[in-house]
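1. 3D, please:
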Amino acid sequence: QVQLVESGGGLVQAGGSLRLSCAASGRTFSSYAVGWFRQAPGKEREFVAAISRSGASTYYADSVKGRFTISRDNAGITVYLQVDSLKPEDTAVYYCAAKISPYINSPSGYPYWGQGTQVTVSS
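-> Now for the predicted structure:
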């Protein structure tokens, strides 16, 4: 089992940037594909981005393509989500999740989740 902890959220003005981190403990994080999701108030949780176990492949929701970048460090301990050109509609709690399955273009099948980090974008 792997435990996930997100950090890096905060309050930022529209057009600003943040770097979200997802740190893992427990089993080797490099054995898992990792995804980022978000949930805005009153809305369902939605998929944002995912990265393969090796880091060689990534997949993004259309709403964030070109603005968000997912990456993972070589030590296999942390996965990052660089969020640029933020918009008020990006305001949400952002969660990272992990799965053994290699199919990162599927938003399902994530058994391990962090507690989330709040991102608030002011206009």
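2. all contacts plus neighbour counts: C-alpha atoms, from now on.
-> OK.
3. got the CA positions of the lowest-mean-pLDDT helix or strand in the chain in CSV?
-> In the chain, no helix or strand scores lower on mean pLDDT, DSSP states H and E than strand 18-26, which sits at a mean of 92. Extracted C-alpha coordinates of strand 18-26, given in CSV (Å, rounded to 0.1, in the frame of the first residue of the first chain):
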residue,chain,number,x,y,z
LEU,A,18,1.5,27.0,-8.5
ARG,A,19,3.4,23.8,-8.3
LEU,A,20,1.5,21.0,-6.5
SER,A,21,3.4,18.1,-5.1
CYS,A,22,2.3,14.6,-4.3
ALA,A,23,4.7,12.8,-2.0
ALA,A,24,4.5,9.0,-1.4
SER,A,25,5.4,6.8,1.5
GLY,A,26,5.1,3.1,1.8
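4. go ahead and name everything in contact with that strand.
-> 1-10, 12, 77-84, 96 (CA atoms under 8 Å, 6 or more residues apart in numbering).
5. try 7 Å this time
-> Outside strand 18-26, the residues within contact range by CA atoms under 7 Å, 6 or more residues apart in numbering are 1-9, 77-84, 96.
6. list only buried entries from those.
-> Burial by neighbour count, 16 or more other CA atoms under 10 Å: within the contacts of strand 18-26 this picks out 2-9, 78-84, 96.
7. of all these, the one with the weakest confidence?
-> Of all these, residue 2 carries the smallest pLDDT score, 88.
8. so what's the residue count around the closest residue to that residue other than its chain neighbours?
-> Nearest residue to residue 2, sequence neighbours excluded (CA to CA, 6 or more residues apart in numbering): residue 26, at 4.7 Å. Other residues lying near residue 26 total 9 when counted by other CA atoms under 10 Å.
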